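Asks: what's the 3D shape of this:
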Amino acid sequence: MDRILIYAVSLSSEQAAVDAASKAGVPIFFQCGYLPDLLPRSAGFMLELGEGRGMPPGRAAGAV
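Replies: Just a heads-up that it's a prediction; the model follows:
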């Protein structure tokens, strides 16, 4: 595995995922959720703005 894309369900699961990914040396990117303290230790966060719900992901990403 060379990277992780995660949809975390809680802040504690985000922290645990970042800890495990950091320990393994694997970059982690969050599909949902945001905790500023984790930003330096993650590849990034994708925030859900509510616009474009139901749109195919590629089209939604291209519209941003």
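Asks: Lowest average confidence across helices and strands of this protein, where is it?
Replies: helix 57-63 (a mean of 58; mean pLDDT, DSSP states H and E).
Asks: mind listing the helices for the protein?
Replies: 11-24, 57-63 (DSSP state H).
Asks: in the first one, what's buried?
Replies: Residues of helix 11-24 classed as buried: 14, 17-18, 21 (neighbour count, 16 or more other C-beta atoms under 10 Å). C-betas here are computed from N, CA, C, even on glycine.
Asks: M46 against I6, yeah?
Replies: No: checked against C-beta atoms under 8 Å, the pair M46 and I6 is beyond contact range at 10.7 Å.
Asks: Find the residues that touch each one of those two.
Replies: Counting by C-beta atoms under 8 Å, 6 or more residues apart in numbering, the common neighbours of M46 and I6 are 29-31.
Asks: Most neighbours of all the residues you listed, which one?
Replies: Within the shared contacts of M46 and I6, most neighbours by other C-beta atoms under 10 Å means F30, with 23 neighbours.
Asks: tell me the contacts of it?
Replies: 6-8, 14, 38, 42, 44-46.
Asks: So it versus I6, what's the distance?
Replies: 6 Å (C-beta to C-beta, to the nearest Å).
Asks: Find residues that contact each of these two.
Replies: E14.
Asks: pretty sure Y7 contacts F45?
Replies: No: in this structure Y7 lies outside contact range of F45 using C-beta under 8 Å: 11.2 Å.
Asks: Have a look at those two and say which one is more surrounded.
Replies: Neighbours were counted for Y7 and for F45 using other C-beta under 10 Å; F45 has more, 17 against 10.
Asks: pLDDT score for the more buried one?
Replies: Per-residue pLDDT puts F45 at 80.
Asks: If it is in a bridge, with which residues?
Replies: F45 forms beta bridges with F30, as assigned by DSSP bridges.
Asks: thinking again about what came up before, ok, of the buried residues of helix 11-24, which one's closest to M1?
Replies: The closest of those to M1 turns out to be A21 (C-beta to C-beta; 9.7 Å).
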